[in-house]
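Novice: Model the following, please.
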Amino acid sequence: MTITSRIRYRSVTVGCILAAALSVTLAPPAQASEVDTPQYVAVMNGQEFQLTAPVNSDNASRASATTAPGCAGKDADWRINAFRHKEFGDAPSGVATLKCGIGTEDGWGWSHIAYGHTSDWSVVAAPTPGTWDQMAQWAIEQTLLAPAAAKAQKNETYRYTAPVEIRDSQTGEVAAEWLVLVSFGRVNQNIITAYPVTY
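Specialist: Numbering: from 1, shown residues only. As a prediction, the model looks like this:
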């Protein structure tokens, strides 16, 4: 073996040993992040919030959008979703409809919710893998299906309420809690507004 080949062989050997040493030194402890970082779930009526579609790269723009998701270019009567509501207290059973509505402070529908309550729903959705609008529609559905209370209001609406909890998925400990309020018309059944409030 020549001097040149021995030097080349030695440099390759040292390089392999150094790379192996670094890989051992820099490797994170096994499953450390899984143990140390709590994972949270939203729970209502014993049901956990589950995504029906994967979160995508458009989430940031959706969170700051001035137009309610699904309502761009649509008129006020465009239907976004419909939810069954349970007979409870003063309120009969039926189906409440979430339409685009009008996105102003004194408006109604999905556009009004996006206009006035995006930040509220974003706080609730933040510990979960969902976006504000996914969380809002899930919470609306759960509140109408199993309300903690339902009352007829003076403005010809029904108001349903139900608690939503953010729990540590490993320990079950409640980290945060809100009361979800959903109002819809007594006659037309259109959802007027929906938002979470702290206790």
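Novice: just the helices in the protein please.
Specialist: Secondary structure of the chain (DSSP state H): helices located at 3-26, 32-36, 59-63, 109-125, 132-145.
Novice: Return the member of these having the minimum mean pLDDT.
Specialist: Looking at these, the lowest mean pLDDT belongs to helix 3-26 (a mean of 38).
Novice: Is it correct that residue 194 is in contact with residue 117?
Specialist: Yes - counting by CB atoms under 8 Å, residue 117 is a contact partner of residue 194 at 7.3 Å. (Glycine included, C-beta is placed from N, CA and C.)
Novice: Could you check which of the two has the larger neighbour count?
Specialist: residue 194 (26 against 16; other CB atoms under 10 Å).
Novice: OK, contacts around that one?
Specialist: Each residue near residue 194 by CB atoms under 8 Å, 6 or more residues apart in numbering is listed here: 113, 117, 136, 139-140, 143, 180-183.
Novice: Please report how far it lies from residue 73.
Specialist: Distance from residue 194 to residue 73, counting by CB to CB, to the nearest Å: 23 Å.
Novice: Can you go through the contacts of residue 194 and name the buried ones?
Specialist: Neighbour-count burial (16 or more other CB atoms under 10 Å) applied to the contacts of residue 194 gives 113, 117, 136, 139-140, 143, 180-183.
Novice: hmm, back to that, intersection of neighbour lists for residue 194 and residue 117?
Specialist: Shared contacts of residue 194 and residue 117 (CB under 8 Å, 6+ apart): residue 136.
Novice: thinking again about what came up before, which of the buried ones among the contacts of residue 194 sits closest to residue 98?
Specialist: residue 140 (7.0 Å; CB to CB).
Novice: residues contacting the closest one?
Specialist: 83, 98, 180, 182, 191, 194.
Novice: Could you tell me the phi and psi values at residue 155?
Specialist: In terms of degrees, to the nearest 10, the main-chain angles of residue 155 are phi -90, psi 30.
Novice: Burial check on it, number of neighbours?
Specialist: 10.
Novice: tell me which residues of stretch 139-156 are tucked away?
Specialist: Here stretch 139-156 shows 139-145, 147, 150 as buried, counting by 16+ other CB under 10 Å.
Novice: what does stretch 75-87 give?
Specialist: 76, 80, 83, 85-86.
Novice: which other residues reach it?
Specialist: With contact meaning CB under 8 Å, 6+ apart, stretch 75-87 is reached by 68, 70-71, 91, 93-102, 109-111, 137, 140-141, 144-147, 150, 158, 160, 184, 191.
Novice: mind checking the end-to-end distance for it?
Specialist: End-to-end distance for stretch 75-87: 30 Å, by CA to CA, to the nearest Å.
Novice: which residue packs closest to residue 128, ignoring adjacent ones?
Specialist: Sequence neighbours aside, residue 42 is the residue nearest to residue 128 in space, at 5.3 Å (criterion: CB to CB, 6 or more residues apart in numbering).
Novice: Fine by me, thanks again.
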